[in-house]
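Peer 1: Dropping a prediction and its sequence here:
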Amino acid sequence: MPDAPAAPSPTDPQAIAEPLAVILAAGRGTRMGGDRPKVLFEANGKPLVRWVLDALETAGIHRRVVVVGYGAEQVEAALSGIEGVSFALQEQQRGTGDAVAAASQAIAQAVNEAGGARVPVLIVTGDSPMLQPASIQRLLTAFAEQPTACLLGTAMTEDPDGLGRVVRDESGRFQRIVEHKDATEAERSICEVNMSTYLFDGEGLLWSLARLDTSNASGEYYLTDCPGLLQKRGDLVEARACLEPCERLSVNTPDQLAIVAAALAARTA
């Protein structure tokens, strides 16, 4: 993993700068069929990624970096002209950690401009149109209340199959995230799941991204390793089950697109 741009350490843990969002939208979505980038498939009349961008705007996050890859020109053309939206290119599909690292320059710029204040960096996926502004606001409020290096937005679900599990210690404190394919049978029984929604302090995010490796079942750079790295550094990492179960609805197949479209139509009505 290449070194991230240097960033100064925060000097005033109470000061909070304007938040920045990183939206992961580089995947092709081969199971969707056709050549269109997955995030441009429409649900209830609007591209998936546009639902995400609008939720962030409503929640008060106006600086948004969309990480593009497959069909980058199509995604940029579809989103051009939206105020506050910029783009970062993930040249190869090497995992979620690598995707966020593609936005390192924008993150470092935000940290440098903050003058020592903590910069909340929210990371979400571009194929999760059920993201709720109220959930984002709850995360931002919790981040401001404590000097956390990383705050994970999680949810409780009776059907955690395929999702990363949130492992806690005996006192209930966050320990780590384990991906489904890497989890033991005991860990797979956990019902608190990672929702791919993370709120990092910008400085800590850059530090941890630069230390990721590929020693996992997929041979990829896992963003989910960043919270553990920050804990080992001695930073505070917490997980809050403040997301709604419906927000786990992401789109990987045409059937899932139909389910999400119906859910969005019902919510809009």
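Peer 2: Perfect, I can see it now.
Peer 1: Contact partners for the closest residue to residue 35 other than its chain neighbours?
Peer 2: The spatial neighbour of residue 35 that comes closest, neighbours along the chain excluded (Cβ to Cβ, 6 or more residues apart in numbering), is residue 71 at 7.4 Å. Heads up, the C-betas are built off the backbone N, CA and C, glycines and all. Neighbouring residues of residue 71 by Cβ atoms under 8 Å, 6 or more residues apart in numbering: 28, 35, 36, 37, 40.
Peer 1: what does residue 33 give?
Peer 2: Each residue near residue 33 by Cβ under 8 Å, 6+ apart is listed here: residue 254.
Peer 1: redo that, cut-off 10 Å
Peer 2: Residue 33 sits next to 41, 253, 254 when contact means Cβ atoms under 10 Å, 6 or more residues apart in numbering.
Peer 1: ok, now how distant is residue 130 from residue 222?
Peer 2: Using Cβ to Cβ, to the nearest Å, residue 130 is found at 23 Å from residue 222.
Peer 1: same question, residue 150
Peer 2: 14 Å.
Peer 1: any common contacting residues for the two?
Peer 2: Common neighbours of residue 150 and residue 222, using Cβ under 10 Å, 6+ apart, are residue 228.
Peer 1: Which one of the two is surrounded by more residues?
Peer 2: More crowded of residue 150 and residue 222, by other Cβ atoms under 10 Å: residue 150, with 26 against 22.
Peer 1: Of the contacts of residue 33, just say which sits nearest to residue 267.
Peer 2: residue 41 (18.0 Å; Cβ to Cβ).
Peer 1: Burial check on that closest one, number of neighbours?
Peer 2: 21.
Peer 1: Touching, it and residue 49? I think so.
Peer 2: Yes - the criterion here is Cβ atoms under 10 Å, and residue 41 meets it with residue 49 at 9.4 Å.
Peer 1: which outside residues touch the top helix by length along the chain?
Peer 2: In the chain, taking DSSP state H as the definition, the longest helix is helix 254-268. With contacts defined as Cβ under 10 Å, 6+ apart, helix 254-268 is touched by 29, 31-34, 38, 41-46, 48, 51, 127-130, 132, 246, 249-251, 253.
Peer 1: give me that answer again for 8 Å
Peer 2: In contact with helix 254-268 (Cβ under 8 Å, 6+ apart) are residues 32-33, 41-44, 48, 51, 129-130, 246, 249-251.
Peer 1: now do stretch 138-149
Peer 2: 13-14, 16, 19, 59-61, 118, 120, 122, 151, 153, 197, 199-201, 204, 230, 233, 235-238, 240, 242.
Peer 1: Could you give me the buried positions within that stretch?
Peer 2: Residues of stretch 138-149 classed as buried: 138, 139, 140, 142, 143, 148, 149 (neighbour count, 16 or more other Cβ atoms under 10 Å).
Peer 1: Direction included, what does the host helix or strand of residue 122 pair against?
Peer 2: Element membership for residue 122, per DSSP states H and E: strand 120-125. Sheet partners assigned to strand 120-125 using DSSP bridges are listed as strand 20-25 (parallel), strand 192-201 (antiparallel).
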